[in-house]
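*Asks:* mind folding the following:
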Amino acid sequence: MIGHVNGYIKLVSINALKVNSIYKVALEEDETLTCGVYGPSGHNFALGTSFGAIYLGMMKRDPMSNTSRYNMFLARVDSVSHGTENAVTSI
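*Replies:* Numbering: from 1, shown residues only. As a prediction, this is how the structure comes out:
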């Protein structure tokens, strides 16, 4: 999983050297991704933003897909840091 400042998340296959999926996180205007962590389960992750919010996420295999597609589910937790001036820099 590779996260970009502009809100794009890419799932990359290292063995095949290709991007399997691309997702877009709905960030607010001028908000950027600042940090992230991927859980050892291989399904859960968290992303921090420049406005002090944290996204808690989960990747789940799409049961309707014949291929190995995944759906991304996100929940936004606002005001983790005081105001929007303080970015979340580590999780």
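
*Asks:* let me know the outermost residue of this structure.
*Replies:* The C-alpha centroid of the chain is most remote from residue 66, which lies 24.2 Å away (CA atoms, centre = their mean).

*Asks:* got phi/psi on residue 60?
*Replies:* phi -130, psi 130 (degrees, to the nearest 10).

*Asks:* hang on, the earlier thing: secondary structure element holding the residue farthest from the centre of the chain?
*Replies:* Per DSSP states H and E: residue 66 is located in neither a helix nor a strand.

*Asks:* how confident was the prediction at it?
*Replies:* In this model, residue 66 is scored at 72, pLDDT.

*Asks:* tell me which stretches of the chain form strands.
*Replies:* Ranges of strands within the chain are 2-3, 8-13, 18-24, 33-38, 44-49, 54-61, 70-77, based on DSSP state E.

*Asks:* can you list the strands that the fourth one pairs with?
*Replies:* In this case it means strand 33-38. strand 44-49 (antiparallel) (DSSP bridges).

*Asks:* tell me how many other residues surround residue 27.
*Replies:* Per other CB atoms under 10 Å, the neighbour tally for residue 27 reads 19. Heads up, the C-betas are built off the backbone N, CA and C, glycines and all.

*Asks:* roughly how far apart are it and residue 20?
*Replies:* 22 Å (CB to CB, to the nearest Å).

*Asks:* kindly report the same for residue 52.
*Replies:* Separation of residue 52 from residue 20 (CB to CB): 31 Å.
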